[in-house]
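J.: Generate coordinates for the sequence data below:
(chains A and B)
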Amino acid sequence: GDSVTQTEGPVTVSESESLIINCTYSATSIAYPNLFWYVRYPGEGLQLLLKVITAGQKGSSRGFEATYNKETTSFHLQKASVQESDSAVYYCALGIASSSFSKLVFGQGTSLSVVP
Amino acid sequence: EAAVTQSPRNKVTVTGGNVTLSCRQTNSHNYMYWYRQDTGHGLRLIHYSYGAGNLQIGDVPDGYKATRTTQEDFFLLLELASPSQTSLYFCASSDARTSGNTLYFGEGSRLIVV
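T.: Numbers count the residues shown, from 1 in each chain, chains lettered A, B, ... in the order given. Here you go, the predicted structure:
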């Protein structure tokens, strides 16, 4: 089936350090899924961080970047310099859509704490 | 941006109890979803719907019913709640025609079954 695996948390990083959260996927029901990163800040719902729908393309938002790599089936999230306000849970997801349905399959989430 | 509102935000019930979680979205999206989020599992899809009166079974439907009464409203029903249903529940909506798979989420409903 379709699945997403991401870096096991929790992850603790010092402020201004770089970050990478790994995400790999397996898509059996669709050849070219859309790929997403969502973020959930404490006490809030999930919100879209970035989305890439074309293999080989890079998405970016709020200093975060992720490149859709179909060869390695990966969509790693990176940031060059994290801030305390980046502390949150990050979810990688793949989107499956056809003429009759549309849904997201999520990874298990990676909890990030950025410390001063 | 889509607005998705869930209620209640927090609920405690006893084993065997009856619980209804409500979700309303105000952007006329066609798809609505119920997910549960548990540590180590991420978000798992319970049920979803692509319009009023429609219901699709998700990946973890056992013990849950759902009903989409209008374009805006999607309810999750636990008729005989069990401790294994203690979880954080998220409702989401999307419009496949305009935003593809992008989901817009509510703030979550935390349910505890004792």
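
J.: For residue A:10, give me its contacts.
T.: Each residue near residue A:10 by CB atoms under 8 Å, 6 or more residues apart in numbering or on different chains is listed here: A:110, A:111, A:112, A:113. In this view, the C-beta of every residue, glycine as well, is placed from N, C-alpha and C.

J.: List the residues that contact the closest residue to chain A within chain B.
T.: Nearest to chain A, among the residues of chain B, is residue B:101, at 3.0 Å (CB to the nearest CB). Going by CB under 8 Å, 6+ apart, residue B:101 touches A:34, A:36, A:95, A:96, A:97, A:102, A:103, A:104, B:94.

J.: Wasn't it part of a strand?
T.: No: assessed by DSSP: H, G, I helix; E, B strand; the rest coil, residue B:101 does not belong to a strand; its assignment is coil.

J.: what's the neighbour count on the residue nearest to it when sequence neighbours are not counted?
T.: Excluding its sequence neighbours, the residue lying closest to residue B:101 (CB to CB, 6 or more residues apart in numbering or on different chains) is residue A:95, at 3.0 Å. Each residue near residue A:95 was counted by other CB atoms under 10 Å in any protein chain shown, and the total is 22.

J.: Same check on residue A:53?
T.: The local packing count at residue A:53 equals 16, with neighbours defined by other CB under 10 Å.

J.: what do you get for residue B:8?
T.: Neighbours of residue B:8 under the rule other CB under 10 Å: 13.

J.: which non-adjacent residue is nearest it?
T.: The shortest distance from residue B:8 to any residue that is not its chain neighbour, by CB to CB, 6+ apart, is 6.2 Å, and that residue is residue B:109.

J.: ok, now residue A:51?
T.: The shortest distance from residue A:51 to any non-neighbouring residue, by CB to CB, 6+ apart, is to residue A:36 (4.9 Å).

J.: ok, then the element right after the helix or strand encompassing that neighbour?
T.: Element membership for residue A:36 (DSSP states H and E) is strand A:34-40. Proceeding N to C from strand A:34-40, the next assigned helix or strand is strand A:46-52, under DSSP H and E.

J.: Can you list the strands that that next one pairs with?
T.: Strand A:46-52 sits in its sheet next to strand A:34-40 (antiparallel), going by DSSP bridges.

J.: Would you mind writing the CA trace of the strand it pairs with as CSV?
T.: Backbone C-alpha positions of strand A:34-40 (Å, rounded to 0.1, in the frame of the first residue of the first chain) are rendered in CSV as follows:
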residue,chain,number,x,y,z
ASN,A,34,1.8,15.1,-4.8
LEU,A,35,4.1,15.5,-1.8
PHE,A,36,3.5,17.7,1.2
TRP,A,37,5.0,18.9,4.4
TYR,A,38,2.5,20.0,7.1
VAL,A,39,3.4,21.5,10.5
ARG,A,40,1.5,21.6,13.8
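
J.: just to revisit the earlier point, just the buried ones out of the contacts of residue A:10, please.
T.: Neighbour counting over the contacts of residue A:10 (16 or more other CB atoms under 10 Å in any protein chain shown) leaves A:110, A:111, A:112 as the buried ones.

J.: Let me have the residues you listed in TSV, extended by secondary structure and distance to residue A:28.
T.: Compiled in TSV, the buried ones among the contacts of residue A:10 are given as follows (DSSP: H, G, I helix; E, B strand; the rest coil; distance: CB to CB, whole Å):
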residue	secondary structure	distance to residue A:28
A:110	strand	23
A:111	strand	28
A:112	strand	29
